[in-house]
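Participant: just the structure for this:
(4 chains)
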Protein chains: 4
Amino acid sequence: MKILKRKAFEELYAPMEEELVAMARWVAKTGARVVVLMEGRDTAGKGGAIDAIRGPLNPRQCRVVALPKPTEREKSQWYFQRYIEHLPAAGEIALFDRSWYNRAGVEKVMGYATEDQVTAFLTQVPRFEDLLVADGILLFKYWLATDQDQQEKRFAERLEDPLKRWKLSPIDLAARTKYDGYTKAREAMLRATHTDTAPWTLVDFNDQRRGRLTLIRNFLDRLPDTFVAPEDLVLEPLGHDPLDEVYGVLQPLAPFKPD
Amino acid sequence: MKILKRKAFEELYAPMEEELVAMARWVAKTGARVVVLMEGRDTAGKGGAIDAIRGPLNPRQCRVVALPKPTEREKSQWYFQRYIEHLPAAGEIALFDRSWYNRAGVEKVMGYATEDQVTAFLTQVPRFEDLLVADGILLFKYWLATDQDQQEKRFAERLEDPLKRWKLSPIDLAARTKYDGYTKAREAMLRATHTDTAPWTLVDFNDQRRGRLTLIRNFLDRLPDTFVAPEDLVLEPLGHDPLDEVYGVLQPLAPFKPD
Amino acid sequence: MKILKRKAFEELYAPMEEELVAMARWVAKTGARVVVLMEGRDTAGKGGAIDAIRGPLNPRQCRVVALPKPTEREKSQWYFQRYIEHLPAAGEIALFDRSWYNRAGVEKVMGYATEDQVTAFLTQVPRFEDLLVADGILLFKYWLATDQDQQEKRFAERLEDPLKRWKLSPIDLAARTKYDGYTKAREAMLRATHTDTAPWTLVDFNDQRRGRLTLIRNFLDRLPDTFVAPEDLVLEPLGHDPLDEVYGVLQPLAPFKPD
Amino acid sequence: MKILKRKAFEELYAPMEEELVAMARWVAKTGARVVVLMEGRDTAGKGGAIDAIRGPLNPRQCRVVALPKPTEREKSQWYFQRYIEHLPAAGEIALFDRSWYNRAGVEKVMGYATEDQVTAFLTQVPRFEDLLVADGILLFKYWLATDQDQQEKRFAERLEDPLKRWKLSPIDLAARTKYDGYTKAREAMLRATHTDTAPWTLVDFNDQRRGRLTLIRNFLDRLPDTFVAPEDLVLEPLGHDPLDEVYGVLQPLAPFKPD
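Facilitator: Residues are numbered from 1 along each chain as shown, chains lettered A, B, ... in the order given. Sure, this is the predicted structure:
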């Protein structure tokens, strides 16, 4: 299959945007609570996939949860505690850019968590997620896959491209040589946490554009397809000529002009 | 001045993205704390301006703060309390999609706040902001302006375009006929809160693309132009052929294919 | 058995205070996390039992968690979410004055929760508590019992005694005639949630002073009896006469004087 | 003036308890928000004064705020931020066991804050407190004074008495020799922060029991003396003999028995 060109992507993505917006209306109307976990290889394209979901949505309804490193105090609390704080209320969608699965991924592979901690985590997480699902939360767990040649290409790109440079950290470099370790860690994670109530979905992101479409299509197909009509609104005639801005206290900036 | 075409915009925006990334590196390095308030007319383009700033940045560093309606409990607390919770820690950038200025805008014009509350707010806010600035927070306050003919065009577009329909609420319609009331409210707000320590910046968003460039250019120009070199990283040769994904427990989704 | 007189109580309680202090030192030293849930009949004496534990302890280490009614937003979140926020960090003790068990008690008996919600809760709570215990949290669940004649006496007292009047609400009065309903609800709760990992302890509080001693004795006996010596500190001589307060800006209040 | 005996204290305190309860009813009824800051010398008796206020009150209405050390993240935020989170909602009373004034006291004297930070703090705090008061919060600031001979006696007692041992830390010992430094710091603090809108009240706690009475009397006298009648409640006859506890699943603990 060929790499999807930008234009082809945009044509295929446009109708999905509309579906995302309709989905969000359904979520608001029914008070559903949606949690999407975005996990995967470094460079796989988690951020881009999140942006493709949240792009057309109301930021007051759809939040990105990208937590900073835990404080010492948080580290001593129940492992899930700081994530739980960000679970959605009725009508909300929370997109987790990495999640509690850090412990089974980077923390395990890089040795930041002990074997015992990882084992305990893998035992506990299905029970934790069962609770969320039993409470009615709609939980989606995506893992974004990419072969190492693609990953290498993207690392090189991040090194070169000043725009992407911040995506590359010394930890990423250290993690880079552990591609196989990550594969093994993922398989252990899947064995322990791919459950009936909270299944994983793997998505091939060797082609990131196609990956996004695959993921969003899956996401939309798994939500009920109940159409909620938008509120019926009418724009009455203003009854006067449209007004212009009038500035008293302060003038606007001179507009940016390329010269 | 002509409306900026998409392509022209992208060419002008690209170097700004690089500057934004460099700015974020400086923020991280120095532990600066940046707060950007995005206020303005309905339809002016607050969301788009925010996206243009946060787009190239690390979501773990740059957060969008778009608060839901206050709970009854929050309404009874100190007015600023629920906003303060989201102020940045060292090295962070917080972009407020609407802010405490709700009280001087929509709440005043629509009568959700009493005259006394608005007057009290206008008295208190400069003192509140002085405190933040005195503590070293870098505070930027942007108000996005647009003439009513543009606003009308965009309202009509929101009504038609299923993608933008969620941006139109009954409150917006009610507010629509109060264009002049908003102008007056803005001027009162400027008189009271355009201070030396925390000045407002008005930006003309009749042309939204140009507005974004104008705003970001201003934002970047007001931050110190200190270059922080990205960390020096080297991609050592892997020493083996790149590996491929190997799936055991679970296969990835079939890739999305247009039919 | 006779009712314990105040003086007898105080003599028996004094050595327990020392043990509580020693326990708290152990908690601080080892980074243990202790959660005590205090549940039971209205008027049983939850507040007094909590005060008897926290009395001799450092308020920075030992917190009382007595949550107000949930906001509408909180009601729509995961049921356990607002409690989880108050779980202890390393070295802390959290005393819950009522807890998530509200749902199986007052909410069930008074019909504030549906049968389905109660059933779901009773299914979920052992799994939730297992997670906390598996994470190493030391969880104690006490239910304070009292016969109805005692309860009636105390209700009458609360009605009469201006100091205790706030403890009596219209809900309490409505709940008062449902003594038997509470018994049944408690038994259902025990059947579902008295587990090996998180067992309940019932304490007879017909005699509140004796009840407190029984409860604290049990609490202390179930914690490891590892002695941690207090830090070795020496008060060196001051080397000068002790100084007196000297007031410049402001004089202290005239001391309260009975006449 | 002679030291107040326990019995005399209790007789004088009892009617104040009733007044505190009436005050709390007024707070609940009117939705007032009360903040009490308790500051003062080490050993002065802050904890005891707080207990004397909160003792008779509903813990769901009256909270003690005794914050642990700030995390690194909190240290980098706006200095007041972590305190603001605990300000009261309508109808609530927050008792701060130490407060933002740490910076002007222990942090200054022990050199944990720089001179610049202390100066900045002293400039900012009146403006911060003005905002709270302007918002309608009822703010009380008490500073508890004690001569050094009393302080020495109490330090010695803390060293000896296992119950009080936790109140003595190495920092306290280091601070002990800086009695005069604390006096100077307090005077500087008073000069800067004893304002019309948020005045300080000094209370002599050389006699701790009398100090508590003095403080509570002052506190009550400064609140409006508006009587709010307790809700009118009637205990209807039960209509049957009172029931006894019946245990099925689990028996209560054997009662504690001194032998």
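
Participant: and the gap between the residue of the stretch 1-150 of chain A found nearest chain D and chain C?
Facilitator: The stretch 1-150 of chain A approaches chain D most closely through A:Thr71 (4.0 Å), counting by C-beta to the nearest C-beta. Every C-beta, even on glycine, is put in place using the N, C-alpha and C of the backbone. Distance of A:Thr71 to chain C, computed by C-beta to the nearest C-beta, to the nearest Å: 10 Å.

Participant: same deal with A:Leu12?
Facilitator: Applying C-beta to the nearest C-beta, the value for A:Leu12 to chain C is 35 Å.

Participant: what about that residue, how many neighbours?
Facilitator: The local packing of A:Leu12 (other C-beta atoms under 10 Å in any protein chain shown) involves 19 other residues.

Participant: can you check the one 3 residues further on too?
Facilitator: One way to gauge burial is a neighbour count; for A:Pro15, by other C-beta under 10 Å, it gives 9.

Participant: repeat for A:Leu138
Facilitator: With other C-beta under 10 Å as criterion, A:Leu138 counts 17.

Participant: which helix or strand contains the nearest residue to A:Gly55 once chain neighbours are set aside?
Facilitator: Leaving aside its chain neighbours, A:Gly55 sits nearest to A:Glu17 (7.0 Å; criterion: C-beta to C-beta, 6 or more residues apart in numbering or on different chains). For A:Glu17, the element it lies in under DSSP states H and E is helix A:6-30.

Participant: what does the very next helix or strand once past that helix rub up against?
Facilitator: Remark: after helix A:6-30, the chain's next helix or strand is strand A:34-40, criterion DSSP H and E. Contacting residues not belonging to strand A:34-40 are listed as A:27, A:46, A:49-50, A:53, A:87-88, A:92-99, A:101, A:105, A:132, A:137-146, A:205, A:219, A:223 [C-beta atoms under 8 Å, 6 or more residues apart in numbering or on different chains].

Participant: what's the first helix or strand after strand A:34-40?
Facilitator: Proceeding N to C from strand A:34-40, the next assigned helix or strand is helix A:46-54, under DSSP H and E.

Participant: now the element after that next one, going C-ward?
Facilitator: By DSSP H and E, the next helix or strand past helix A:46-54 is strand A:62-65.

Participant: backbone dihedrals for A:Leu139, please?
Facilitator: When read as degrees, to the nearest 10, the backbone of A:Leu139 gives phi -110, psi 130.

Participant: what separation do you get for it and A:Val249?
Facilitator: 50 Å (C-beta to C-beta, to the nearest Å).

Participant: how about the residues of chain A that lie near chain C?
Facilitator: With C-beta under 8 Å from any C-beta of the partner chain as the criterion, chain A meets chain C at residues A:31, A:33, A:73-74, A:76-81, A:84-85, A:87-91, A:120, A:123-124, A:127-128, A:130-132, A:134-135, A:137.

Participant: make it 10 Å
Facilitator: Residues of chain A lying close to chain C by C-beta under 10 Å from any C-beta of the partner chain are A:31, A:33, A:71-82, A:84-92, A:120-121, A:123-125, A:127-128, A:130-132, A:134-137.

Participant: the strands in chain A, which residues?
Facilitator: A:34-40, A:62-65, A:93-97, A:138-145, A:200-204 (DSSP state E).

Participant: put together a markdown table for those strands, with mean pLDDT on each row.
Facilitator: Formatted as a markdown table, the strands of chain A follow (pLDDT from 0 to 100):
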| stretch | mean pLDDT |
| --- | --- |
| strand A:34-40 | 98 |
| strand A:62-65 | 96 |
| strand A:93-97 | 98 |
| strand A:138-145 | 98 |
| strand A:200-204 | 97 |
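
Participant: dump these to TSV, plus distance to B:Ala66.
Facilitator: Below are these laid out as TSV (distance: least, C-beta to C-beta, whole Å):
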stretch	distance to B:Ala66
strand A:34-40	17
strand A:62-65	8
strand A:93-97	13
strand A:138-145	21
strand A:200-204	28
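
Participant: thinking again about what came up before, quick one, which of the contacts of strand A:34-40 are buried?
Facilitator: Neighbour counting by 16 or more other C-beta atoms under 10 Å in any protein chain shown classes A:27, A:46, A:49-50, A:53, A:87-88, A:92-99, A:101, A:105, A:132, A:137-146, A:205, A:219, A:223 among the contacts of strand A:34-40 as buried.

Participant: next, the buried residues of stretch A:38-45.
Facilitator: Buried residues in stretch A:38-45 (16+ other C-beta under 10 Å): A:38-45.

Participant: before we move on, back to that, from the residues of chain A next to chain C, which land in helices?
Facilitator: When the residues of chain A next to chain C are checked against helices (DSSP state H), the matches are A:72-75, A:81-82, A:84, A:120-121, A:123-125, A:127-128, A:130-132, A:134.

Participant: buried only: go through these for me.
Facilitator: The buried subset of those - by 16+ other C-beta under 10 Å - is A:73-74, A:81-82, A:84, A:120-121, A:124-125, A:128, A:130-132.

Participant: surely A:Ala156 and B:Val234 touch.
Facilitator: No - using C-beta atoms under 10 Å, A:Ala156 makes no contact with B:Val234, being 11.2 Å away.

Participant: who's more crowded, those two?
Facilitator: Higher neighbour count among A:Ala156 and B:Val234: A:Ala156, with 12 against 6, using other C-beta under 10 Å.

Participant: I appreciate the help and will end here.
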